[in-house]
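Visitor: Quick one: sequence and predicted model below, then my questions.
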Amino acid sequence: MLRAVFIDRDGVICHNRADYVKNWEEFTFLPGVLTALTRLAASDLVVVVITNQSAINRGQVAGAVVDDIHRRMVAAVEAAGGRVDAVYICPHRPDEDCLCRKPRPGLLQQAAVELGLDLTRSFVIGDAWEDIQAALAAGCRPYLVLTGRGQAQRGRAEREAAGRFEVVRDLAQAVDAILATDAGRRTQNG
């Protein structure tokens, strides 16, 4: 089975907006993201973006617009030499009590089934306590970035799950850590 890196979108790949990213013009890559995704593309890890997009069911943005944002995001990543193998979204509001909205692990589990992934050998990079919860529930190794909401959510995550996740500055540092772990695993298996 394949291993994956699951990456949250808002606050990890692009700037997090309080009023949601509602069109491509509002989507802005965070510094270093394209370079980090290019380095990740050279690995054998499947790169999957997972994102809660409740703005869809809140009626603030159409699903087709979110799909267009993701199509353009993937194209920009590919133009820079990186790759995103799949994008999974949850369009539900928190009150809809779905199984796919993080902190539940539904998006990770769906990707695992559809892409043939071993979640216990995979990683999650997010900027929120909900990302850490989803990773732990799915058996993945979580990384909390301090971009986006990460700095504000770090305290809660450390209170709730001390020692069960890594804290990194940003996506680039998370990719460094994952690739170093991967290199160490290959050396051990030699």
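Guide: It's in. Remember, predicted model here, so these are calculated numbers, not experimental data. Numbers count the residues shown, from 1 in each chain.
Visitor: In the protein, what helix or strand scores lowest on average pLDDT?
Guide: When the helices and strands of the chain are scored by mean pLDDT, DSSP states H and E, helix 171-189 comes last with a mean of 80.
Visitor: the strands in the protein, which residues?
Guide: Remark: strands assigned in the chain by DSSP state E are 4-8, 46-52, 86-90, 123-126, 141-145, 166-168.
Visitor: so which of those strands gets nearest Ala18?
Guide: strand 46-52 (14.5 Å; C-beta to C-beta). Placement of C-beta: from N, CA and C, glycine included.
Visitor: Touching that closest one from outside, list them.
Guide: Strand 46-52 has contacts (C-beta atoms under 8 Å, 6 or more residues apart in numbering) with 2-10, 13, 37, 40-41, 70, 73, 82-90, 92, 101-102, 107-108, 111, 115, 117, 124, 130, 134.
Visitor: That one: how far from the chain's middle?
Guide: Computed by C-alpha atoms, centre = their mean, to the nearest Å, the chain-centroid distance of strand 46-52 equals 5 Å.
Visitor: on that earlier part again, I'd like the strands of the chain as JSON lines, with mean neighbour count and distance to Val33 appended.
Guide: Supplementary listing: those in JSON lines, determined by neighbours: other C-beta atoms under 10 Å; distance: least, C-beta to C-beta, whole Å:
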{"stretch": "strand 4-8", "mean neighbour count": "27", "distance to Val33": "9"}
{"stretch": "strand 46-52", "mean neighbour count": "23", "distance to Val33": "11"}
{"stretch": "strand 86-90", "mean neighbour count": "20", "distance to Val33": "15"}
{"stretch": "strand 123-126", "mean neighbour count": "28", "distance to Val33": "11"}
{"stretch": "strand 141-145", "mean neighbour count": "25", "distance to Val33": "10"}
{"stretch": "strand 166-168", "mean neighbour count": "18", "distance to Val33": "13"}
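Visitor: now those strands in a markdown table, with distance to Ile178?
Guide: Supplementary listing: those in a markdown table, determined by distance: least, C-beta to C-beta, whole Å:
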| stretch | distance to Ile178 |
| --- | --- |
| strand 4-8 | 6 |
| strand 46-52 | 11 |
| strand 86-90 | 18 |
| strand 123-126 | 5 |
| strand 141-145 | 8 |
| strand 166-168 | 9 |
